[in-house]
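for reference, the sequence and a predicted model appear below.
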Amino acid sequence: MHMNRRTVLALAVGAALLASGCTGTGGTSKGADADAPDDPAKVDGTITVLTHRTDLVQDGTMKKYAAEFNKTYPKVKVEFEGLTDYEGEVKIRMNTENYGDVLMIPAVIEKKDYPKFFASLGTQAERGKKYRFTDYTTVGGKVYGQSPLGVVPGFVYNKKVWNAAGVTDWPTTPAEFLDDLEAIKSKSDAVPYYTNFKDMWPLTQWTNVNGSVGCDTRATTRLAEGNPWAEGADLRVGDTLLHDIVRRKLIEKDPTTTNWEASKPKLAKGEIATMWLGSWAIVQMQDAAKQAGTDPADIGFMPFPAQKDGTFCAVTSPDYQQAVNVNSDHKAAARAWIDWFTDKSGYADANLALSPLKDGPLPEVLKPYEEAGVKLLDIDDTKGAQVKSIDNQSEVGIYKPDYRQELVDLARGARKGSLDDFLTGLGEKWTEAQKNSGS
């Protein structure tokens, strides 16, 4: 399972499942901590690690990680369970105490309930000095999970196609971006922008413009407290650009026939020029280029066309967060695994992803961002749980594809209405849910 599908499906499934509730029996050891072990030689036991990366379990990669881990922790035996329907299966298991020793925190678990199910990894004040993404799992000042890697959003594009159209500099405004797509349309046979409409989940990637447009680390807080589609707000800017790309016919002929897997070789071969995704997609496009016999170096990555004081910004976001089961009999061994996997495994490097360590080097794929001075923003997620609650109550679905499918349909004339009315309607639903939630 790719992390792209993971992130989107987890959020979509999680939102749908929240109503059914995970009662669990995790409260039996409420407040338990999983302290970092002092002496690796004294840590022992057999631990089960539940993972969504079935591919890495099947091809033996996870076993190799365990073998490396054992060089430091020789008395710990690590066993892996790769789950295809990770969210669905773990949700059921969490009604018991038997949900592995280490697991990825499912989206269905509400943040306020983390202490019932997971052991604390330490205080946010302490962990926040070293690691990214600690806000995302902090409850009452304590951290309950750690992501082993991060991603940043951007347009994956074919450099050859863009250069052939005479575009060599990244656009700095949505208007420039649209002009560049027009140039690609007139000077090549490539589809300027590919929506991935039919597979649906890629449309949710547009929510990652939030923070990237206004260069604001408090972008999530703004979602909790304001109208995301107010004039000039990040989501309004992003959704307007998507609408205008479609309205100006700078996309594939029929969005209802798009195909995600087929889009990768098409972008690699220059049949598609551009797609808004995330840094996780670069390696997939490069692999598609190798298989198609084209140059992987043709795959480029550019930030959203907006600048603050002459600087591009891109928000960072975590993948699944690893946590220790609060009921585990081997918390020290489970904690040792999480620390080692985060700090020493090289997992982020292997996935060409952003390191969870604040002082970690940028992956090769993000060197263009570094060279162009793109500012990477670690978003304050203190209000993250509140945003998800408002999103569920409003039924807008900023982490689901539905409203952007409606937006695309509106732009291509498949449904009636104006963009302004559409975005105003989303804002009204959202702010009404805010009032009801006490925001």
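The structure has been received and is ready for your questions. Residues are numbered from 1 along each chain as shown.

tell me the secondary structure at the residue nearest to residue 307 when sequence neighbours are not counted.
Spatial nearest neighbour of residue 307, excluding adjacent residues (CB to CB, 6 or more residues apart in numbering): residue 172 at 5.1 Å. From N, CA and C alone the C-beta is placed, and that goes for glycine too. Assigned state for residue 172: coil (three-state reduction, DSSP: H, G, I helix; E, B strand; the rest coil).

enumerate every residue touching residue 172.
Applying CB atoms under 8 Å, 6 or more residues apart in numbering to residue 172 gives the contacts 305-307, 312.

which of those residues are buried?
The neighbour-count criterion (16 or more other CB atoms under 10 Å) marks 305-307, 312 among the contacts of residue 172 as buried.

using JSON lines, lay out the contacts of residue 172 together with secondary structure, distance to residue 398 and pLDDT.
Below are the contacts of residue 172 laid out as JSON lines (DSSP: H, G, I helix; E, B strand; the rest coil; distance: CB to CB, whole Å; pLDDT from 0 to 100):
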{"residue": "305", "secondary structure": "coil", "distance to residue 398": "21", "pLDDT": "98"}
{"residue": "306", "secondary structure": "coil", "distance to residue 398": "19", "pLDDT": "97"}
{"residue": "307", "secondary structure": "coil", "distance to residue 398": "24", "pLDDT": "97"}
{"residue": "312", "secondary structure": "coil", "distance to residue 398": "23", "pLDDT": "98"}
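
the stretch 251-400 of the chain: helices as residue ranges?
Assigned by DSSP state H, counting those that start in this stretch, the helices in the stretch 251-400 of the chain fall at 260-268, 280-292, 331-343, 347-350, 367-371, 384-394.

the ones you listed: which one's closest to residue 100?
Evaluated over these, closeness to residue 100 peaks at helix 331-343, with 8.7 Å, by CB to CB.

so how far is that closest one off the chain centroid?
Computed by CA atoms, centre = their mean, to the nearest Å, the separation of helix 331-343 from the middle of its chain amounts to 23 Å.

name the helices or strands packed onto that helix?
Packing partners of helix 331-343 (3 or more CB pairs under 8 Å, 6 or more residues apart in numbering; DSSP states H and E): strand 45-51, helix 61-72, strand 76-82, strand 102-104, strand 118-119, strand 322-325.

got JSON lines for these, with mean pLDDT too?
As requested, the helices and strands packed on helix 331-343 are exported to JSON lines (pLDDT from 0 to 100):
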{"stretch": "strand 45-51", "mean pLDDT": "97"}
{"stretch": "helix 61-72", "mean pLDDT": "97"}
{"stretch": "strand 76-82", "mean pLDDT": "97"}
{"stretch": "strand 102-104", "mean pLDDT": "97"}
{"stretch": "strand 118-119", "mean pLDDT": "98"}
{"stretch": "strand 322-325", "mean pLDDT": "98"}
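
so which of those is nearest residue 230?
Residue 230 sits nearest to strand 102-104 of all the helices and strands packed on helix 331-343, at 34.8 Å, using CB to CB.

what sits up against the closest one?
47-52, 86, 90, 320-325, 334, 337-338.

can you do 6 Å?
Contacts to strand 102-104, defined as CB atoms under 6 Å, 6 or more residues apart in numbering, come from residues 49-50, 52, 320, 322, 334, 337.

among the residues you listed, which two are most distant?
The distance between the two most remote of these (CB to CB) is 17.5 Å, for 52 and 334.

circling back to that earlier point, most packed of the helices of the stretch 251-400 of the chain?
Counting by mean count of other CB atoms under 10 Å, helix 331-343 has the highest mean neighbour count of the helices of the stretch 251-400 of the chain, with a mean of 22.

picking that back up, would you mind putting the helices of the stretch 251-400 of the chain into a markdown table with distance to residue 219 and mean pLDDT alongside?
Output for the helices of the stretch 251-400 of the chain, formatted as a markdown table (distance: least, CB to CB, whole Å; pLDDT from 0 to 100):
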| stretch | distance to residue 219 | mean pLDDT |
| --- | --- | --- |
| helix 260-268 | 27 | 96 |
| helix 280-292 | 20 | 93 |
| helix 331-343 | 25 | 97 |
| helix 347-350 | 23 | 91 |
| helix 367-371 | 18 | 92 |
| helix 384-394 | 10 | 92 |
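
now render the ones you listed as TSV, adding distance to residue 360.
Converted to TSV, the helices of the stretch 251-400 of the chain look like this (distance: least, CB to CB, whole Å):
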stretch	distance to residue 360
helix 260-268	27
helix 280-292	16
helix 331-343	9
helix 347-350	7
helix 367-371	13
helix 384-394	23
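
so which of those helices gets nearest residue 204?
Nearest to residue 204 among the helices of the stretch 251-400 of the chain is helix 384-394; the distance by CB to CB comes to 11.5 Å.

for the closest one, packing partners?
helix 219-225, helix 419-437 (3 or more CB pairs under 6 Å, 6 or more residues apart in numbering; DSSP states H and E).

let's see 8 Å
Identification of packing neighbours for helix 384-394 by 3+ CB pairs under 8 Å, 6+ apart yields helix 3-17, helix 219-225, helix 419-437.
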